[in-house]
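In: Coordinates for the following, if possible.
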Amino acid sequence: MIPGKLPALLLVHGWGGDGEDWAPTLPYWRHRVIVPDLRGHGRSPRPGNGYGPRDFAADLAELLRGLAPGPVVAVGHSMGGQAVTALAVEHPYLVRALVVVDPAYGADEAEALRIPGQQEELRREGSEWAARFVAGAFQPGAHDELRDRQRKLMAAMDPDVLARCRDGMYLAPDAFGLRPATRAYLARRTHPVLGVYSNAPAADFERGTLTHPASHVEIFENCGHFLHEERPRDFAELVERWLTEV
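Out: Numbering: from 1, shown residues only. The predicted structure follows:
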């Protein structure tokens, strides 16, 4: 990386979250940051359809073309990991490198079997189901403030948007959230990738998909799914170190 030419960071939140999910990391970046709310989330509009990762990627591409920051380091958590992956695959000239944080792809056979039933529960119970789901994504007894914030965000979400997002990630004909489709889609990535995970099996799967020599996978042990919020300084420092090598 050329000194004085630091690329901007595009920070993309996950399912049911908003741009404020990245607030704990903001004091630690040396780069310009761009922090959007995905469609249907936060302060962004809620169209009646178009909630797959390619739809989010198209919105992000339009945003970047308008801001013209140059190729960005696209950082995505969970569903945002799918969104920035689609951005890199479908709009590669806008991306310099990828950072995926516990991305919502690579679901194994057991998870694939659970998803249709979970979708039925989500549509039946609404955002209350989603709030319970996200509360379980944190380490028990830790990070109560972060857990409560995510639970409140989920409870305020349009449940139809939540369901459509999960359909787009896992059940739509062009979804790439399940392992066979994930492998095929990730093979189209050409950028260096940093994968940051909270569990070893998912990290191992990511390692098996990497082709760029500068790509790397790191595990944050004893963290929940929102590891960038639980350990924001460690996360930002990891990304900054990696960016000096790509």
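
In: Measure how buried Gly66 is and give me the count.
Out: Counted with other C-beta atoms under 10 Å, the neighbours of Gly66 add up to 8. No exception for glycine: its C-beta is placed from N, CA and C like everyone else's.

In: Just say helix, strand or coil for it.
Out: When classified by DSSP: H, G, I helix; E, B strand; the rest coil, Gly66 comes out as helix.

In: Next: Pro24.
Out: Applying three-state DSSP: Pro24 is helix.

In: and stretch 136-143, how far apart are its ends?
Out: With C-alpha to C-alpha, to the nearest Å as the measure, stretch 136-143 spans 12 Å from end to end.

In: Run through who's touching that stretch.
Out: 146-147, 150, 222-226, 229-230 (C-beta atoms under 8 Å, 6 or more residues apart in numbering).

In: Also stretch 119-134?
Out: In contact with stretch 119-134 (C-beta under 8 Å, 6+ apart) are residues 16, 118, 147, 150-159, 162-163, 166-167, 171.

In: buried ones in that stretch?
Out: Across stretch 119-134, burial judged by 16 or more other C-beta atoms under 10 Å covers 119, 122, 126-127, 129-131, 133-134.

In: Just checking, which helix or strand succeeds the helix or strand harbouring Val196 along the chain?
Out: Val196 belongs to strand 193-197 when elements are defined using DSSP states H and E. Next in sequence after strand 193-197, counting helices and strands by DSSP H and E, comes helix 200-207.

In: tell me which residues of that following helix are tucked away?
Out: Those would be 202-203, 205-206, for helix 200-207 by 16+ other C-beta under 10 Å.

In: repeat for stretch 53-69
Out: 53-61, 64, 69.

In: swap in stretch 34-51?
Out: Residues of stretch 34-51 classed as buried: 34-42, 51 (neighbour count, 16+ other C-beta under 10 Å).

In: Okay, helices next: where are they in this protein?
Out: With DSSP state H as the criterion, the chain has helices at 53-67, 79-90, 109-125, 127-135, 144-156, 159-166, 179-186, 200-207, 227-230, 232-243.
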